[in-house]
Each structure stands twice: as C-alpha cells, then as structure tokens.
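Q: Pasting a predicted model and its sequence here:
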Amino acid sequence: MDSMFHEGNRQLQEKFDTVRLADRIEERKLRNTIDDDDRVFIEAADMFFLATADADGHPQCSYKGGEPGFVRVLDERTIAFPSWDGNGMYLSTGNVLVNPHVGLLFIDFERRSRMRLNGVASIDEADPLLGAYPETQLVVRVRATEVFPNCPRYIHEYRLVERSRFTPHEECATPSPTWKTRDWASDVLPAGDRALDPDTEIL
C-alpha cells in the first residue's frame, strides 16, 4: 500500500511533531482488508456517515441509517449497503457515478468506538443484492482501500431510543414523510411515489 499521507498531512505532522506517531499508526493499524472484528462491528452498525465528492472535488457528507445488518460485508475487501428513497437529489450516489472514491465513518455511540473505511464505490443497476433489501433503489458496493480504527476519546455517549420508522421492512408498509405532502413538494413528486397513494400512512 502507498502511504496514506500527502503533503498537507505531512506539513501539519511536522509542525506538531507527530510524524513518528502518524507513521506508527499507519504501520500498525492501517489495512486494506476487513478482518473478523471489523465484520462484526460493521454488520452491527445501524448508521454511518458517507463522504463523497463530485468530479471537481466538491464534497458531500450524508448520514445513512437502517437496521443492524443493512451494511453487509461480502468478503475481506467488499461491503455493500442499500440506497432507499430520499429527497430525490441523489447527491451521494450521483457523486459515486462521477467520482468513486468514498469515505465511511462508523460510530457506535453507546460503546464509544468507531472505525473508518475508505474505498472505491460502484453502482450496478442489476446488482443481485437489489432483491435482498426491501424498497431498495440502488445497492452501493465499496471495495476497501483503507480500513483503520479511529480514536474514540471525543465520542459522546448516547443511548438508542428508537430506530427510524421509515426504514423499509418486508413485513410492513413503509410510511411516507410529511414533507412530501407539503405544497412545495407534492406537485413535483416522481410518478408512482407512495405519498401520492391515499392509503399510504403519512408521518
């Protein structure tokens, strides 16, 4: 693996005398594969943050949430997660189509631990995992290039109260968000949007 550090990283490492520490972390902690402990951590996650950028390098950061297991570890280099109905802008997945380099940050707020997974993302409209996730529009696969734990010291401790009722499940109909019924949005929803069905529960 090439070094993960570029000129900007090195400039600050030299300024604050952390070159030796940074090199040791890279040597001891950085991997390009997902080990068994990583798999357990990732597949137990019910959320993560996804960083993407467009072809010009302009960034986006988005929150992705679901039930534990919604991110799947397919092998030691590959994970996959679903892209469900959102606000229709496709900022993250659209970025993947023009710039596949992504960064994922997984945080367990209850146990105060986190890990980073950077890699190269891909989207296949015929991905065989499409049928494995209810109401999924797309499946994003990420081939890992860098996997490493992240210092947990600044993680605030939180407790889960309730997972989102909008996460799709096979056994029940997914409600539609209230914003889709507002005047500014209701007349421009895509054809077939569930919010247009009078029998759909609105929350």
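A: Arrived safely, thanks for sending. Residues are numbered from 1 along each chain as shown.
Q: which stretches of the protein form strands?
A: For the chain, the strands identified by DSSP state E occupy 47-53, 59-65, 72-75, 78-83, 101-108, 113-123, 138-149, in order along the chain.
Q: how deep is Arg20 tucked in, by neighbour count?
A: A count of nearby residues for Arg20, using other Cβ atoms under 10 Å, gives 9. Glycine gets a C-beta too; all of them are placed from N, C-alpha and C.
Q: measure it to Leu74 for me?
A: For Arg20, the distance to Leu74 under the criterion Cβ to Cβ, to the nearest Å works out to 36 Å.
Q: In space, not sequence, find me the middle residue of the chain.
A: For the chain, the residue sitting closest to the mean C-alpha position, by Cα atoms, centre = their mean, is Leu50 at 4.0 Å.
Q: which non-adjacent residue is nearest that one?
A: Closest residue to Leu50 apart from its sequence neighbours, by Cβ to Cβ, 6 or more residues apart in numbering: Ser62 at 5.1 Å.
Q: State the pLDDT value of that neighbour.
A: Ser62 is assigned a pLDDT of 98 by the prediction.
Q: for it, what are its contacts?
A: Residues in contact with Ser62, defined by Cβ atoms under 8 Å, 6 or more residues apart in numbering, are Phe49, Leu50, Thr52, Leu91, Ser92.
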